[in-house]
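Engineer: The sequence and its predicted three-dimensional model are supplied below.
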Amino acid sequence: DVVGREVPESCSQQASVRDVATSMLASGSDAIAIVDGGQRVQGLVTVNAVLAWVAAGAGNADGPITGLLRGVPPVVVSGASVIDGVLAMAEADADALAVTSDGSSTGQLQTLVTPRDIARAFGDQPISILREIRLAPNTQTLSALNHRARALALRYLTSAASLDWVARFVFLTDVNIVKRVIGLAGGEAPPACWCFCGASGRGESLTRHAPQLVLIAEDEHGRPELQQRYERVSDALAECDYLARTDMTFDRSFLVASTAEWQRRYQGWLQDPVRTEMYLARPLFDLRPVHGSRSLWSDVERAVVGAVDRDILHVLANDCLASLPPLTFFKDAVVEKSGEQTAMFRLEQSALRPLVDVGRVFGMAARKVLGTSTIERFALARTLLPEHESIFREASETLRILLWQQARIGIGQGTSGSELPPALLSRHDRHVLKSGFRSILRLLEFTGNSPWFATL
């Protein structure tokens, strides 16, 4: 509906560079699909590809267009939403999106979507923001783009229902900023995998709270050089106007280690959680690869999966009972479970943390804790324990509401959103949150006190 073109812009594989350029000029298109006789997409030619060809010295304009192909674009089905298209283009770093009859690359092309088309639905362009991040010349430019991305997110955080796609867009923003900062650092580096952990690793960090970085080195030999690079990247993120993290329990030097060392640490935490003070390492169990050699992260993941057993699940499930949600709101105060009244709603500590901790337990139970979000972990729990599906579905909805409140107030106030004055919450917001507190308590009681372990 947004694109509004009845006939897609396309050419055959036999078309020449001149033919395609002529078609682009006539139609004003930014991209043209190259199709076979069955109207199946074989590749994509963009204006940028033609310009790059010219800049490289051009050649025979009557030669075949196949030399300029940029690969097959991401594909969606015709019923996909604009948001689906934006995220597909963003995740693939593509210049266009193909809409096909069945949503597959072998389906018949129905239309081609470009960032110009997407712009009709947005005041700012998500694709343009992400593309400008990838080309930013310095951290000052990245700072401005960071603010633009958060402003766009705030504009579309109209309700908890918008949380999922906005969170994905903000996650891609943070990933691309980190990648660009690494690129600006310059120079060759030993093989490594850059990861997010904590809220960033779960894809649940929407405010300008700095991403929590972890670096996995291939071996101990490359660690010293990577430590220096880690320091430069972390300092550069502050220049991108991220808010400094104060909740990390480990210093920077600890967060850079070899694959073998990370494997040893995770095995130690899971085999002896009390003596190794595993509770301090909880954010590290949200590890997600974002740049570099993903195989190094996979090696660590296998070590975690291999060390999880029923005993550790029992310990961690009981530990979840240590964090209880508030009881209610009274005027502009929060009433804690103990009866104490506080002037600040500690959203992250008293409401988000219990949900995240329980989600982590069920992620481990499903052997898929690293690289997953809390909502994905609750979905895994519904699969493991279908007879208790309602508990986890309510928990997912409560999580969305909490993250939405944290994001809209945190972005609007320029804070991390970890703590909120109750005065910023409407009467309706408080009513919804009180219902959410009951859902959290129900989830905690089920996780810590029921014999669900026996069903695994």
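Structural biologist: Now that the structure is in, tell me what you want to look at.
Engineer: Leaving aside the residues adjacent along the chain, what's closest to Leu68?
Structural biologist: Nearest residue to Leu68 in three dimensions, chain neighbours excluded: Ala49, at 4.8 Å (CB to CB, 6 or more residues apart in numbering). For the C-beta atoms, the positions are set from N, CA and C on the backbone; glycine is no exception.
Engineer: same question but for Ser205, I mixed them up
Structural biologist: Ala199 (4.1 Å).
Engineer: and if you look at Gly37?
Structural biologist: Nearest to Gly37 is Ser12, by CB to CB, 6+ apart, at 7.8 Å.
Engineer: Test my guess that the one you found contacts Ile34.
Structural biologist: Yes: between Ser12 and Ile34 there is a contact under CB atoms under 8 Å: 7.2 Å.
Engineer: more crowded one of the two?
Structural biologist: Neighbour totals were compared for Ser12 and Ile34, and Ile34 leads with 23 against 12 (other CB atoms under 10 Å).
Engineer: hmm, who's touching the host helix or strand of the more buried one?
Structural biologist: Taking DSSP states H and E as the criterion, the element that holds Ile34 is strand 31-35. Residues from elsewhere that reach strand 31-35, judged by CB atoms under 8 Å, 6 or more residues apart in numbering: 8-13, 15, 20, 23-24, 41-47, 65-66, 69, 73, 95-96, 98, 109, 112, 114.
Engineer: List the buried residues of the helix or strand that comes right after that strand.
Structural biologist: Past strand 31-35, further along toward the C-terminus, the next helix or strand under DSSP H and E is strand 41-46. Across strand 41-46, burial judged by 16 or more other CB atoms under 10 Å covers Val41, Gln42, Gly43, Leu44, Val45, Thr46.
Engineer: Whichever helix or strand comes after strand 41-46 - what's its average pLDDT?
Structural biologist: Using DSSP H and E, the next helix or strand after strand 41-46 towards the C-terminus is helix 47-55. Across helix 47-55, pLDDT averages out at 82.
Engineer: and helix 47-55 with strand 41-46, angle?
Structural biologist: In terms of direction (axes from the mean of the first three to the mean of the last three CA atoms, to 10 degrees), helix 47-55 departs from strand 41-46 by 70 degrees.
Engineer: residues making contact with helix 47-55?
Structural biologist: Val17, Val20, Ala21, Met24, Asp30, Ala31, Gly59, Gly67, Leu68, Leu69, Arg70, Asp95.
Engineer: tell me which residues in it are buried?
Structural biologist: Neighbour-count burial for helix 47-55 [16+ other CB under 10 Å]: Ala49, Val50, Trp53.
Engineer: just for the stretch 51-200 of the chain, where's the confidence low?
Structural biologist: Within the stretch 51-200 of the chain, the segments meeting pLDDT under 70 span 70, 120-124.
Engineer: go with 80
Structural biologist: 57-59, 66-71, 115-125, 186-188 (pLDDT under 80).
Engineer: ranges for the strands of it?
Structural biologist: 75-77, 97-100, 109-113, 192-197 (DSSP state E, counting those that start in this stretch).
Engineer: Export the ones you listed to CSV and append columns for mean neighbour count and distance to Arg155.
Structural biologist: Output for these, formatted as CSV (neighbours: other CB atoms under 10 Å; distance: least, CB to CB, whole Å):
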stretch, mean neighbour count, distance to Arg155
strand 75-77, 18, 23
strand 97-100, 24, 22
strand 109-113, 22, 21
strand 192-197, 25, 25
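Engineer: For those, please prepare TSV with the additional fields distance to Leu280.
Structural biologist: Listed next are the strands of the stretch 51-200 of the chain as TSV, based on distance: least, CB to CB, whole Å:
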stretch	distance to Leu280
strand 75-77	43
strand 97-100	44
strand 109-113	46
strand 192-197	12
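Engineer: which stretch among those strands comes nearest Ala167?
Structural biologist: Ala167 lies closest to strand 192-197 among the strands of the stretch 51-200 of the chain, at 13.0 Å (CB to CB).
Engineer: which helices and strands does the closest one pack with?
Structural biologist: Secondary-structure packing of strand 192-197 (3 or more CB pairs under 8 Å, 6 or more residues apart in numbering; DSSP states H and E): helix 163-185, strand 212-217, strand 288-292, helix 294-307.
Engineer: Can you give me the neighbour number for the nearest residue to Ile127 once chain neighbours are set aside?
Structural biologist: Using CB to CB, 6+ apart and skipping residues adjacent in sequence, the residue nearest Ile127 is Pro115, 4.3 Å away. Applying other CB under 10 Å, we find 21 other residues in the vicinity of Pro115.
Engineer: Could you check how far Pro115 is from Ala153?
Structural biologist: In this view, Pro115 and Ala153 are 18 Å apart by CB to CB, to the nearest Å.
Engineer: List the contacts of Leu243.
Structural biologist: Thr207, Arg208, His209, Ala210, Thr415, Ser416.
Engineer: one more time with 7 Å
Structural biologist: Leu243 makes contact with Arg208, His209, Ala210, Ser416, according to CB atoms under 7 Å, 6 or more residues apart in numbering.
Engineer: Over to Thr100?
Structural biologist: Contacts here follow CB under 7 Å, 6+ apart; on that basis Thr100 touches Val75, Val77, Gly107, Gln108, Leu109, Gln110.
Engineer: which residues does it bridge with?
Structural biologist: Per DSSP bridges, the residues bridged to Thr100 are Val77, Leu109.
Engineer: now do the same end-to-end measure for stretch 62-79.
Structural biologist: Across stretch 62-79, the terminal residues are separated by 38 Å (CA to CA, to the nearest Å).
Engineer: Mind listing what's buried along that stretch?
Structural biologist: Using 16+ other CB under 10 Å as the test for burial, stretch 62-79 gives Ile65, Leu68, Arg70, Val72, Pro73, Pro74, Val75, Val76.
Engineer: what sits up against it?
Structural biologist: Residues contacting stretch 62-79 (CB under 7 Å, 6+ apart): 11, 13, 15-18, 20, 34, 41, 43-46, 49-50, 53, 84-85, 88-89, 92, 94-100, 102-105, 110.
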